[in-house]
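**Student:** kindly generate the corresponding structure for this input.
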Amino acid sequence: QVQLVESGGGLVRAGDSMRLACAASGSASRSYDMAWFRQAPGKERDFVAALSWTGGTYYGDSVKGRFTISKDNAKKTVLLQMNGLKPEDTAIYYCAARGPYLAATSVVDDAYNYWGQGTQVTVSS
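**Tutor:** Model (predicted):
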C-alpha cells in the first residue's frame, strides 16, 4: 500500500510561481511512476506531469515549458515546480502513483493505483 500526501497549494497571482510536494510512503518515489493530475470545478481530471521510475518526464501540453516535475529521493518526495501560473491553472492538484517497476509510463488517470487527497491551487488574475 502506497500513501501519498500533497502539500504546497494556496492562492497566488497570475505570473507567480508555486511548488507542490508529494510525500510518498516507503520506496514508492524510487520504484513507482509518479504523476500529477488536476481537476477544475465542473471539468474532468487532466494530466499535468509524470515522472517514470527510470527518470523520464512527461508533460501535458498546457503546462509544457512552465511546470517541472522532479523528485528528491532523500526525502521520498515528488515535486511540481509551477512557474508563470495562469488563472486557468486553478484546480485541485492530485499526486498519483503506479507500479512498481512498470515498463511504460501512462498519462491516463485510470492507470494510476494510488492517489493523494489533493491540494487546492488558486491563481487570481
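**Student:** buried sites along the lowest-mean-pLDDT helix or strand in the chain?
**Tutor:** One helix or strand of the chain scores below all others by mean pLDDT, DSSP states H and E: helix 28-31, with a mean of 81. Residues of helix 28-31 classed as buried by neighbour count (16 or more other CB atoms under 10 Å): 28-29. Every residue, glycine included, has its C-beta placed from N, CA and C.
**Student:** contacts for it?
**Tutor:** Helix 28-31 is contacted by residues 2, 4, 34, 53, 71, 73, 76-78, 97, 99-101, 114 when judged by CB atoms under 8 Å, 6 or more residues apart in numbering.
**Student:** ok, now with 10 Å
**Tutor:** 1-4, 22-24, 34, 51, 53, 71-78, 97-102, 114 (CB atoms under 10 Å, 6 or more residues apart in numbering).
**Student:** from those, which land in helices?
**Tutor:** With DSSP state H as the criterion, helices contain none of the contacts of helix 28-31.
**Student:** which of the residues you listed are buried, as a ChimeraX select command?
**Tutor:** Buried members of those, defined by 16+ other CB under 10 Å, are picked up in ChimeraX with:
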select :2,4,22,23,24,34,51,53,71,76,77,78,97,98,99,114
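**Student:** and the most centrally placed residue in the chain, how close does it get to residue 101?
**Tutor:** Against the mean C-alpha coordinate of the chain, by CA atoms, centre = their mean, the closest residue is residue 36 at 2.2 Å. Distance of residue 36 to residue 101, given as CB to CB, to the nearest Å: 21 Å.
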